[in-house]
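*Asks:* Below is the sequence, then the predicted model.
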Amino acid sequence: MNMLPLLPDSIMSTAMAYRNTRPVSRDEFLHEVLAVAARIPITDHVINLCKDRYWFAVTLFASISRGMLSVLPNSTSPESIATLRTELPDLICIGDQPDAPLRHIPYIQVSNSDLRSAIASPEMPHIAFDQRILCVYTSGSTGKPQPHFKTFGRMQMSALAEAKRIWAATGGPCSIVGTMPFQHMFGLESTVFLPIFGGGQLSTRLPYFPVDVASALAEMPMPRMLVTTPFHLRKLIEADIKIPPVAAILSATAPLSQDLACKAEDILNAPLLEIFGSTETGQLAMRQPSAQFEWDTLDGISLTQCHGITTATGGHLECPQVLNDIVELVSPSRFRLLGRNSDMINMAGKRNSLAFLNHVITGLDGVQDAVFCLHESNFGNEVSRLAAFVVAPGLSSTDINKALLRHLDPVFLPRPIVFLEGLPRNGNGKIPADAMSALIADHLLPRN
């Protein structure tokens, strides 16, 4: 059996994290991991509810050391946790908040007091390469969230492949600030596993507003990297505030326009890299959108196509994975991304993607946020039409459609345009499928 150390071989006195401005060494992290592990009762399933990224990482690696599966649902509402408990009766919750989320589910609170292991020089735990450590759920933006299992060795392989590509652009390991939830696959890979396995430093902070992003970056030593989403990046640029120097920006979760990428690189004076992947596959490829249209796969990942279906193999993938995306292969390791299968629409015989339509409308002057949807009409044989929910104070439907006509065929103009004060995006900048359904029901469907 192939066994791996819980933490990679490195100097244990080096900083692995920063709590506010205080460095936390890898040795201190290991002590706290083992102390938390000793407090977890015997069980197979743990849900990690920590809101502080450092304590999330401590709890995650404590669970790994005990051979427990960390369950990361797309929602941590009491209703979602209760549903999980019916499926996993032995599920327990661990968090850094004082109050238990549900009284009938066992809860362990972790904190920074009295958690240091009494062992002066603890022995490094070793973990089986194929040990399942995570059950991660899809975001729910395209339907019911689905579970996917990840193993220790393959998550480490993925992080090292990411580190090799990114550190080449930054000149070496960075301290990392991320704006998206670390329970999400992108946030987990790039703000938890990348610094731990790749030799960087993680930030405990989860900033959302631009001033908080700037503050979190200022707490971290140089070189720094900002891990974010197109939604958060756009808000950061629009805020027009001073941002501490960064060595790179990393983006994912939604298509990123070349215009936004170029603006971000110009304002932040750093290369912007974009990740391609999914919850099912993890990260697969990367590009610098300001300079290239094509994507290059991470080392070891190879793509093949048969009858229009694209399959990824190799690298950190445990088995071949069929992509839910439409791609044009340039070579087994380079491709052009055309859109998601579930994203493609056909209007009057003309094809387009919702992602492209969203990119166009959010790029219009005066539009703060927007999203297209396909409105299924309830009126007899009336053809389904596109609609759009828009946040654009001062603009009218006529203004928006006139601007859209410069970029789109008239068949793709939204009818109607519904103006809102804000859109129900989650921490990843996405609008979950149930939230979109609620918008359609509230604003587009006829009322009885």
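*Replies:* Structure received.
*Asks:* where does the stretch 1-150 of the chain have low pLDDT?
*Replies:* By pLDDT under 70, the weakly predicted segments of the stretch 1-150 of the chain are 1, 112-120, 139-144.
*Asks:* Please enumerate the strands of it.
*Replies:* Applying DSSP state E, counting those that start in this stretch to the stretch 1-150 of the chain gives strands spanning 3-5, 15-19, 22-25, 45-48, 69-72, 92-95, 107-109, 126-128, 132-137, 147-151.
*Asks:* Which of the ones you listed sits closest to residue 423?
*Replies:* strand 132-137 (22.0 Å; Cβ to Cβ). No exception for glycine: its C-beta is placed from N, CA and C like everyone else's.
*Asks:* packing partners for the closest one?
*Replies:* helix 53-65, strand 69-72, strand 147-151, helix 152-170, helix 185-188 (3 or more Cβ pairs under 8 Å, 6 or more residues apart in numbering; DSSP states H and E).
*Asks:* Reformat the ones you listed as a markdown table; add mean neighbour count.
*Replies:* Output for the helices and strands packed on strand 132-137, formatted as a markdown table (neighbours: other Cβ atoms under 10 Å):
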| stretch | mean neighbour count |
| --- | --- |
| helix 53-65 | 25 |
| strand 69-72 | 23 |
| strand 147-151 | 17 |
| helix 152-170 | 20 |
| helix 185-188 | 26 |
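*Asks:* how about those in CSV, adding distance to residue 277?
*Replies:* Output for these, formatted as CSV (distance: least, Cβ to Cβ, whole Å):
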stretch, distance to residue 277
helix 53-65, 19
strand 69-72, 16
strand 147-151, 12
helix 152-170, 9
helix 185-188, 7
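*Asks:* Relative to residue 219, which of those is closest?
*Replies:* Residue 219 sits nearest to helix 53-65 of all the helices and strands packed on strand 132-137, at 12.5 Å, using Cβ to Cβ.
*Asks:* ok, residue 126 touching residue 5?
*Replies:* Yes: applying Cβ atoms under 8 Å, one finds residue 126 in contact with residue 5, separated by 5.8 Å.
*Asks:* related to what we said a few turns ago, same list (the strands of the stretch 1-150 of the chain) but as CSV, adding distance to residue 63.
*Replies:* Below are the strands of the stretch 1-150 of the chain laid out as CSV (distance: least, Cβ to Cβ, whole Å):
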stretch, distance to residue 63
strand 3-5, 16
strand 15-19, 18
strand 22-25, 19
strand 45-48, 5
strand 69-72, 5
strand 92-95, 8
strand 107-109, 11
strand 126-128, 11
strand 132-137, 7
strand 147-151, 13
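*Asks:* anything in contact with each of residue 126 and residue 5?
*Replies:* Listed as contacting both residue 126 and residue 5 by Cβ atoms under 8 Å, 6 or more residues apart in numbering is no residue at all.
*Asks:* circling back to that earlier point, ok, which of the strands of the stretch 1-150 of the chain comes nearest residue 394?
*Replies:* Closest approach to residue 394 among those is made by strand 132-137 (39.1 Å; Cβ to Cβ).
*Asks:* Using CSV, write out every CA atom in that closest one.
*Replies:* This file holds the C-alpha atoms of strand 132-137, laid out as CSV (Å, rounded to 0.1, in the frame of the first residue of the first chain):
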residue,chain,number,x,y,z
ARG,A,132,-11.1,8.7,0.5
ILE,A,133,-10.9,12.0,2.4
LEU,A,134,-13.7,14.2,0.8
CYS,A,135,-17.2,14.0,-0.4
VAL,A,136,-17.7,17.2,-2.3
TYR,A,137,-21.1,18.2,-3.8
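*Asks:* Next, the angle helix 152-170 makes with that strand.
*Replies:* Interaxial angle, strand 132-137 versus helix 152-170 (axes from the mean of the first three to the mean of the last three Cα atoms, to 10 degrees): 70 degrees.
*Asks:* picking that back up, do you know which of the helices and strands packed on strand 132-137 lies nearest residue 121?
*Replies:* helix 53-65 (16.3 Å).
*Asks:* Can you pull out the residues in contact with the closest one?
*Replies:* Under the contact criterion Cβ under 8 Å, 6+ apart, helix 53-65 has outside partners 6-7, 17, 19, 24, 29, 32-34, 36-37, 40, 46, 48, 50, 69-70, 94, 96, 110-111, 125, 127, 131, 133, 152, 178, 182-183, 191-192, 196, 202-206.
*Asks:* now that helix, how far from the centre of its chain.
*Replies:* Centroid separation for helix 53-65 versus its chain: 18 Å, with Cα atoms, centre = their mean, to the nearest Å.
*Asks:* That one vs strand 132-137, what angle?
*Replies:* Following the same axes, to 10 degrees, one obtains 130 degrees for the angle between helix 53-65 and strand 132-137.
*Asks:* Could you quantify the relative orientation of helix 53-65 and strand 15-19 as an angle?
*Replies:* Using the same axes, to 10 degrees: helix 53-65 against strand 15-19 is 130 degrees.
*Asks:* Can you show me the helices along the chain?
*Replies:* Counting by DSSP state H, the chain has helices at residues 26-39, 53-65, 78-87, 152-170, 185-188, 194-198, 210-219, 230-239, 258-268, 354-362, 397-404, 433-443.
*Asks:* Compile the ones you listed into a markdown table and extend it with columns for distance to residue 373.
*Replies:* As requested, the helices of the chain are exported to a markdown table (distance: least, Cβ to Cβ, whole Å):
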| stretch | distance to residue 373 |
| --- | --- |
| helix 26-39 | 44 |
| helix 53-65 | 33 |
| helix 78-87 | 24 |
| helix 152-170 | 33 |
| helix 185-188 | 24 |
| helix 194-198 | 34 |
| helix 210-219 | 28 |
| helix 230-239 | 17 |
| helix 258-268 | 22 |
| helix 354-362 | 8 |
| helix 397-404 | 15 |
| helix 433-443 | 6 |
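*Asks:* among these, which is nearest residue 369?
*Replies:* Nearest of the helices of the chain (Cβ to Cβ): helix 354-362, 6.6 Å.
*Asks:* for that closest one, packing partners?
*Replies:* For helix 354-362, the packing partners by 3+ Cβ pairs under 8 Å, 6+ apart come out as strand 334-340, strand 369-375, strand 385-391, helix 397-404.
*Asks:* Adding distance to residue 173 and mean neighbour count, write these out as TSV.
*Replies:* Formatted as TSV, those follow (distance: least, Cβ to Cβ, whole Å; neighbours: other Cβ atoms under 10 Å):
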stretch	distance to residue 173	mean neighbour count
strand 334-340	26	17
strand 369-375	35	20
strand 385-391	38	21
helix 397-404	44	16
